[in-house]
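In: pasting the structure only:
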């Protein structure tokens, strides 16, 4: 019984230990790296927005045809 309680208590300890190690190893990106990441995120937003727009552009008329439109 004591072993089970110890195992349950070890999980948060390991998580905290790993988190502290990660924070100590992490570093802030420099300006060049930050700009690259920002550009990649921006391009991703544009692509996903365009895909969503075209899906909606096709879906609305198609749905009106299939349902009988009002």
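Out: Yes, it's here. A quick note: this is a predicted structure, and the numbers were derived from the prediction, not measured.
In: please work out the average pLDDT along stretch 46-55.
Out: Average pLDDT, stretch 46-55: 97.
In: and it, how far out from the chain middle?
Out: With CA atoms, centre = their mean, to the nearest Å as the basis, stretch 46-55 stands 17 Å off its chain's centre.
In: what about the helix ranked longest in the chain, distance to the chain center?
Out: Longest helix in the chain, counting residues (DSSP state H): helix 31-67. Chain-centre distance of helix 31-67: 15 Å, with CA atoms, centre = their mean.
In: okay, now the unreliable bits of the chain?
Out: For the chain, the stretches flagged by pLDDT under 70 are 1, 69-70.
In: what about 80?
Out: Applying pLDDT under 80 to the chain picks out residues 1-3, 68-70.
In: now for residue 52, how many residues are close by?
Out: Residue 52 has 10 neighbours, counted by other CB atoms under 10 Å. Yep, even glycine has a C-beta here, placed from its N, CA and C like the rest.
In: next one: it from residue 45, what distance?
Out: 10 Å (CB to CB, to the nearest Å).
In: can you check residue 8 too?
Out: Distance from residue 8 to residue 45, by CB to CB: 42 Å.
In: and residue 38, by the same measure?
Out: Distance from residue 38 to residue 45, by CB to CB: 11 Å.
In: and what of residue 36?
Out: 15 Å.
In: stretch 10-28: how far from the chain's middle?
Out: 20 Å.
In: give me the most central residue, the chain.
Out: Closest residue to the average C-alpha location of the chain: residue 41 at 11.0 Å, with CA atoms, centre = their mean.
In: and the gap between it and residue 34?
Out: Distance, residue 41 to residue 34, using CB to CB: 11 Å.
In: cool, and residue 60?
Out: Residue 60 is 39 Å from residue 34, by CB to CB.
In: repeat that for residue 47.
Out: Applying CB to CB to residue 47 and residue 34 gives a distance of 21 Å.
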